[in-house]
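Novice: Sequence first, predicted model second:
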Amino acid sequence: MQHKGTKILETKRLILRPWKENDAEEAFAHWMNDPEVTKYLAWTPHKDVSITRALLKTWEEEGKSPNCYHWALVLKEGNVLIGDLNILDVDDFMEHGEIGYCMGKAWWGKGLMTEALSEVMRYLFEEVGFYRLNGCHAAENLGSSRVMEKCGLLYEGTRRKLMRLPSTGERVDIVERGILREDYFKNA
Ligand SMILES: CC(C)(COP(=O)(O)OP(=O)(O)OC[C@H]1O[C@@H](n2cnc3c(N)ncnc32)[C@H](O)[C@@H]1OP(=O)(O)O)[C@@H](O)C(=O)NCCC(=O)NCCS
């Protein structure tokens, strides 16, 4: 694998680009303050934009590293910041990483995360040389399940009550998914 970092990517409707501290106001207003968005995530909604700003400052710094793959999703129409797509726990020897994403509610259900993830997968498999991408989601998070399914991540098992949702304290099953380089090139 040859690291190339958070290169600017483009799809029909989106620009995927590195994070900037100055994205804070939009990110906060569009999803980081929203309990519906964070329902199945490991973090709770930001109570104040200063929390978002501090986080994005670290993301902007991290984004300069060639082994960081973390994009802000910008809708071309209106130049609106709508979401986040990150590859976590990148491992150089295993040549894998874990997909994480979220987006403002106003833009759900339009195929936008599938569009973004498809392009990120193309970049990671075809240009960077990843061997595998891991994905996981709460079993009841049907939107996320569907995005991964549409992008070719296969079901690999369910870990019972693995996660306790910070939002409610409820314990939920976690579905594990993955796609290998050979799966990707077979489907491409
Ligand atoms: C998960 C998320 C990123 C999906 O983004 P999106 O742009 O709406 O996804 P897409 O439109 O590309 O695809 C969503 C698919 O799920 C389906 N879907 C959404 N909610 C559903 C539900 N409650 N039941 C069944 N299907 C559902 C949609 O119909 C669509 O499938 P289709 O194209 O076959 O009709 C977005 O909902 C989100 O940000 N959620 C909050 C954060 C989150 O949960 N992140 C994932 C953590 S693992």
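Specialist: Good, I have the coordinates.
Novice: Name the residues of the chain found near the ligand, please.
Specialist: By CB under 6 Å from any ligand atom, the part of the chain that sits against the ligand consists of 37, 40-41, 101-103, 108-114, 137, 141-144, 146-147. Heads up, the C-betas are built off the backbone N, CA and C, glycines and all.
Novice: switch the cut-off to 5 Å
Specialist: For the chain, the contact set with the ligand under CB under 5 Å from any ligand atom comprises 37, 40, 102-103, 108-109, 111-114, 137, 142-144, 146-147.
Novice: Which among the residues you listed count as buried?
Specialist: Those of these that meet the buried threshold are Val37, Tyr40, Cys102, Met103, Leu112, Met113, Thr114, His137, Ser144, Val147, by 16 or more other CB atoms under 10 Å.
Novice: Show me where the chain has its helices.
Specialist: Using DSSP state H, the helices of the chain run over 24-27, 35-38, 49-62, 112-122, 142-150, 181-187.
Novice: how about the ones you listed in CSV, adding distance to Gln2 and mean pLDDT?
Specialist: CSV is the format used below for the helices of the chain (distance: least, CB to CB, whole Å; pLDDT from 0 to 100):
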stretch, distance to Gln2, mean pLDDT
helix 24-27, 30, 98
helix 35-38, 34, 97
helix 49-62, 19, 98
helix 112-122, 15, 98
helix 142-150, 25, 98
helix 181-187, 14, 95
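Novice: and of those helices, who's closest to Trp71?
Specialist: Of all the helices of the chain, helix 112-122 sits nearest to Trp71, with 7.0 Å by CB to CB.
Novice: tell me how far the closest one is from the chain's mean position?
Specialist: Helix 112-122 has its C-alpha centroid displaced from the chain centroid by 10 Å (CA atoms, centre = their mean, to the nearest Å).
Novice: For the residues of the chain next to the ligand, which two are the farthest from each other?
Specialist: Taking CB to CB as the measure, the residues of the chain next to the ligand span a maximum distance of 19.7 Å, between Tyr40 and Gly111.
Novice: Thanks a lot, see you next time.
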